[in-house]
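> Provided below are the primary sequence and the corresponding predicted coordinates.
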Amino acid sequence: MQMRVRVRMRMRRQMRSRWRNLILVARGLALVGGLAAGPVRAQSQSADVGKILGSYAKAEGGGGKLGKVVTLRLDGTVTEINGKAPANVSDVKAAGGGGAAANAAARGSGDGSSGSAGPGASAATYTFETKLPNRYYSEMLAGDKGWIEAFNGKSAWRENARGEIGTLVGPEGLQMEAAARFYNTRLLNPKKNRLVVTYVGNAQVRGRDAVELEVTSPAGAKRQVFFDAQTHLIVKETALVGGVQQEIVYDDYRAVDGVQVPYQIALRRGADDFKIVVNRAAINERVGERTFDFPKKAQVVLPDLKELFLKIDGNQKAIDKMKENYAGTKVETTFEYEGNGKPKPPEVKESTFFYLDGTEVSTLVKKDGKVLSEEEQKKEQARVLKEIEMLQKEAEKKEKKDEKAEEKGKDPEGDEEVSMETFLRACQFVNPRRERFRGADVLVFDFEPNVEFKPHTLMEKIITKLGGVIWIDEKALDVARLDAFFVGDVKIAGGLLANVEKGTRIILEQEFVNNEVWLPTYQEVHVDVKFLMVKGIRADESTRYSDYQKFNVNAIQTIGKPKGVEDAPASKPADTPKPQ
């Protein structure tokens, strides 16, 4: 599709400076607003699904009341763990217990967490909290069976029973985000909330008739939801949450401020079974943001970000030069979606690639598992040679422009549409922590819009809609991972031309190769755009990079043989400046 190709080319050419990815993500995603519209996106719900969800909303207390639920908190006691009564706090302390249970109890004394255990109380307590638009917190204090996990609107994290805390990435993080979306939307208006709900069929839950629906998040995380055939309330859910299989059975519903809430919960998590009695339920009680944030005990002092980004930017030319010593293989998988939200058969492309002036140059080898014909290879070779020629001309043009700017005493990057300073003022950087990623020590922090920043240009408005997480290797001065997404809709021409929808995102991951340079390993793009207030397109693309080998960019003629990187000469690369 023309839209996908153009957006992809722009994104790849904009990868030359890693700190700029935060800005370029917004620019690349926003470009779809000016492209040709795709197929009509009219996610239709079957009559059965609409009726089931309507009956559920009515049984819960009505759509009006559900729509006014901003926060929900459940405090419960665990009465059984794997068929046995849990120990009390004093027993856990005497046995040297700690981890999530002890830490949550400590946080409950005043730093904003929901820990509820106290001296002489049951060591097994359960707390569940949600807050619009997408905050989620689940806490089980049960000795070596406990955990705490949350999604704060930008990143997902977990603390295990040993007190180890870490950010969840990949499918685990997306599953946590999907749980936050599910519990906060309460299945009201699935289309608006970008949830695909499909009818599965009739089922039995604890001997009672039920109806099963499947709920799929924008990132593809699935949840099975079962509704009682008589009460129409949710009686069971199953899903992967943070990489752990969970099954929850609800019972003993009672009205709380006009909304039905379960007071008995049977939770199977992995191989463990928990029986929970809810002691207290509260709706629209004040819940602070710090409840969902990364625990303060694991946070660090954030360094001077302007200075750090300047160092990363200054180091980029050396990194780009070093990348030219490598070639590899990549596989791109693209899904487009039918009007009902179901994915079409994927398109799979396999290519070899190398870098030129920091830009990825790819040669298509296979399409949908089939090797290109001789004629297709010739056309591909001609296309790549043309692209190389264009990149070389662009580099020469930019070099001359930078020289003139320096002669006049101006910053060569001063005409950037969005400067680094603008980005630093438009966003807030929170929850700094140090973690391990791909075997390296990295600085991790969340970023979110700065509500006090007043945008004046279109790009500034787009920046103020960005949120996400960034992983930085301070030693190598490069970005190891980036997860950026729109926290709200971005309207082009007031929405008349296009509306880039909330949740549109890009994920970039790299690995430290040969102990000298970070190179891409994975890229994921989710695009959801509505054109002219009616038509739209939704597409997901993932790219996996592998088989990195030394490559001499001077041997560009080898791109005419797209049979794998082994065809490229493995000559010793020329001396290049080492990253700081």
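Received it, and whenever you're ready, just let me know what you need. Residues are numbered from 1 along each chain as shown.
> could you pull out the buried residues of stretch 268-284?
Neighbour-count burial for stretch 268-284 flags 269, 274-276, 278, 281-283 (criterion: 16 or more other C-beta atoms under 10 Å). Bear in mind the C-beta positions are built from the backbone N, C-alpha and C, glycine included.
> can you pick out the most distant pair from the residues you listed?
Pairwise distances across these (C-beta to C-beta) peak at 25.0 Å, for the pair Arg269 and Ile283.
> between the buried residues of stretch 268-284, which is closest to Ala440?
Among these, Arg269 lies closest to Ala440 (C-beta to C-beta), at 31.0 Å.
> buried ones in stretch 166-175?
166-169, 172-175.
> likewise for stretch 190-199?
Residues of stretch 190-199 classed as buried by neighbour count (16+ other C-beta under 10 Å): 190, 193-198.
> possible to save these as CSV with secondary structure and distance to Arg290?
CSV is the format used below for the buried residues of stretch 190-199 (DSSP: H, G, I helix; E, B strand; the rest coil; distance: C-beta to C-beta, whole Å):
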residue, secondary structure, distance to Arg290
Pro190, coil, 30
Asn193, coil, 25
Arg194, coil, 28
Leu195, coil, 28
Val196, strand, 33
Val197, strand, 33
Thr198, strand, 37
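> could I get those as TSV with pLDDT and distance to Ile319?
Formatted as TSV, these follow (pLDDT from 0 to 100; distance: C-beta to C-beta, whole Å):
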residue	pLDDT	distance to Ile319
Pro190	90	44
Asn193	86	40
Arg194	84	36
Leu195	90	40
Val196	89	40
Val197	93	45
Thr198	92	45
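> farthest-apart pair in those, please.
With C-beta to C-beta as the measure, no two of those lie farther apart than Asn193 and Thr198, at 15.2 Å.
> report all helices and strands that the longest helix belonging to the chain contacts.
Determined from DSSP state H, the single longest helix within the chain is helix 374-407. Judged by 3 or more C-beta pairs under 8 Å, 6 or more residues apart in numbering; DSSP states H and E, helix 374-407 is in contact with strand 347-356, strand 359-367.
> mind giving me the domain split of this protein?
As assigned by automatic domain parsing, the chain contains the domains 2-41+300-390+416-564, 69-283.
> isn't Phe182 right up against Val215?
Yes. At 6.2 Å, Phe182 counts as touching Val215 under the criterion of C-beta atoms under 8 Å.
> intersection of neighbour lists for those two?
Common contacts of Phe182 and Val215, defined by C-beta atoms under 8 Å, 6 or more residues apart in numbering, comprise 195, 223.
> how many neighbours does Lys408 have?
Neighbourhood size, Lys408 [other C-beta atoms under 10 Å]: 7.
> same question for Asp209.
Asp209 sits with 12 neighbouring residues when counted by other C-beta under 10 Å.
> just Lys461 next, same as before
16.
> how about the closest residue to it other than its chain neighbours, phi and psi?
Spatial nearest neighbour of Lys461, excluding adjacent residues (C-beta to C-beta, 6 or more residues apart in numbering): Pro455 at 4.4 Å. For Pro455, the backbone dihedrals (degrees, to the nearest 10) come out as phi -80, psi 150.
> same check, this time on Thr185
phi -80, psi -20.
> for it, what are its contacts?
193, 195.
> if I look at it, what pLDDT would I see?
If you check Thr185, the pLDDT there is 94.
> give me the distance between it and Tyr136.
Thr185 sits 12 Å away from Tyr136, taking C-beta to C-beta, to the nearest Å as the criterion.
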